[in-house]
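Student: Got a predicted model here, sequence first, then my questions.
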Amino acid sequence: MEANQSQPPEKQGGHDHDLVVTIHDEDAGGQPIKIESEPASTVGDVIEQMYAKFKTQRQDGDRLRCEESGQDVFGHATEHIEAYAKHQCSKLEWLFARKTGGA
């Protein structure tokens, strides 16, 4: 197909497709949400989309961490999602808990 030939050169060497972030809502349970993101998008962009899908706003006590490492995700908001996946959280599975959540 010619579609691959028209992609920018920077995409051909790295991820040539959207990255999928899977987010588990630890408070609500159920099926996780999945957010597709372009490699050049920031972690913060994905966080914004997550809050929109959960139909809520960020509060000071909210927790968002990488399932694989347990590391806080909010601290990486300015990083590109592709770089974050390479260096911090390769599986891109996050665990979300609201300020008031938990048992």
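Tutor: Nice, I can see it.
Student: Give me the longest strand you can find in this protein.
Tutor: Selection of the longest strand in the chain by residue count, based on DSSP state E, yields strand 19-25.
Student: Parallel or antiparallel, which strands does that one pair with?
Tutor: Strand 19-25 pairs in its sheet with strand 33-37 (antiparallel), strand 93-97 (parallel), by DSSP bridges.
Student: JSON lines for those strands, including mean neighbour count and distance to E48?
Tutor: Where you see a C-beta, it was placed from the backbone N, CA and C, and this is true even at glycine. Shown next, in JSON lines, are the strands paired with strand 19-25 (neighbours: other CB atoms under 10 Å; distance: least, CB to CB, whole Å):
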{"stretch": "strand 33-37", "mean neighbour count": "16", "distance to E48": "10"}
{"stretch": "strand 93-97", "mean neighbour count": "19", "distance to E48": "13"}
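Student: E68: which of these is closest?
Tutor: For E68, the closest of these is strand 93-97, at 6.6 Å, according to CB to CB.
Student: mean confidence for the closest one?
Tutor: Rounded to a whole number, the mean pLDDT of strand 93-97 is 97.
Student: Output that strand as PDB - backbone C-alpha positions only.
Tutor: Written as PDB, here are the backbone C-alpha positions of strand 93-97 (Å, rounded to 0.1, in the frame of the first residue of the first chain):
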ATOM      1  CA  GLU A  93      -1.200   0.300  31.600                       C
ATOM      2  CA  TRP A  94      -2.200   2.800  34.200                       C
ATOM      3  CA  LEU A  95      -4.100   2.600  37.500                       C
ATOM      4  CA  PHE A  96      -6.400   5.500  38.400                       C
ATOM      5  CA  ALA A  97      -7.900   6.200  41.800                       C
END
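Student: what's in contact with the longest helix seen in the chain?
Tutor: Ranked by residue count, the top helix of the chain under DSSP state H comes out as helix 43-53. Residues outside helix 43-53 that contact it (CB atoms under 8 Å, 6 or more residues apart in numbering): 21, 23, 33, 35, 37, 57-58, 64, 73-74, 76-81, 84, 94, 96.
Student: I would like a ChimeraX command selecting only the buried ones among those residues, please.
Tutor: Paste this into ChimeraX to select the buried members of the contacts of helix 43-53, with burial taken from 16 or more other CB atoms under 10 Å:
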select :21,23,33,35,37,64,73,76,79,80,81,84,94,96
